[in-house]
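# Have a look; sequence and predicted model below, questions after that.
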Amino acid sequence: MTTFEVKDMTCGHCTNAITQAVLALDPAASVLIDLPSHRVKIESACAETDLSQAIEKAGYSPVATSIVPAPSAPIKKSKGGCCCN
């Protein structure tokens, strides 16, 4: 899955234009858009650069992102210096 942040995507028209641009490139693509977070997730056989160019041609500025899970809480060490005490 390829994820882009598209800050200049602001309304339903924008989401439709981006979806249509991606589907014109790959009709079998799956496009999931979260407008409030400005995220576009695309499941496609096409390369990330091709998807980015399609969104740019539609008039938007995609920035490829990688969603990294939040780090887990650090382990508190006891006085002995080991977490197993």
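Yep, it's here.

# And the helices in this protein?
Ranges of helices in the chain, per DSSP state H, are 12-25, 48-57.

# how about the first one: buried residues?
If you call a residue buried by 16 or more other Cβ atoms under 10 Å, then helix 12-25 has these buried ones: Cys14, Thr15, Ala17, Ile18, Thr19, Ala21, Val22, Leu25. To be clear about C-beta, it is placed using only N, CA and C from the backbone, and glycine gets the same treatment.

# ok, now the last one?
With burial defined by 16+ other Cβ under 10 Å, the residues of helix 48-57 counted as buried are Leu51, Ser52, Ala54, Ile55.

# Among those residues, find me the one that's closest to Thr65.
If you rank these by distance to Thr65 using Cβ to Cβ, Ser52 comes first, at 11.4 Å.

# Now do the contacts for the closest one.
Residues near Ser52 by Cβ atoms under 8 Å, 6 or more residues apart in numbering: Phe4, Pro62, Ala64.

# PyMOL command for the buried members of those residues?
Entered in PyMOL, the line below selects the buried ones among the contacts of Ser52, by 16+ other Cβ under 10 Å:
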select buried, resi 4+62
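
# quick one: which of the helices of the chain is nearest Pro36?
Nearest to Pro36 among the helices of the chain is helix 12-25 (11.3 Å), distances taken as Cβ to Cβ.

# ok so, going back, I'd like the buried residues of helix 48-57 as a markdown table, with distance to Asp8 and pLDDT appended.
Converted to a markdown table, these look like this (distance: Cβ to Cβ, whole Å; pLDDT from 0 to 100):
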| residue | distance to Asp8 | pLDDT |
| --- | --- | --- |
| Leu51 | 16 | 96 |
| Ser52 | 14 | 96 |
| Ala54 | 15 | 96 |
| Ile55 | 10 | 97 |
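
# Dump the buried residues of helix 12-25 into CSV; add distance to Leu35 as well.
Formatted as CSV, the buried residues of helix 12-25 follow (distance: Cβ to Cβ, whole Å):
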residue, distance to Leu35
Cys14, 8
Thr15, 6
Ala17, 13
Ile18, 10
Thr19, 12
Ala21, 16
Val22, 15
Leu25, 21
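
# No more questions from me, cheers.
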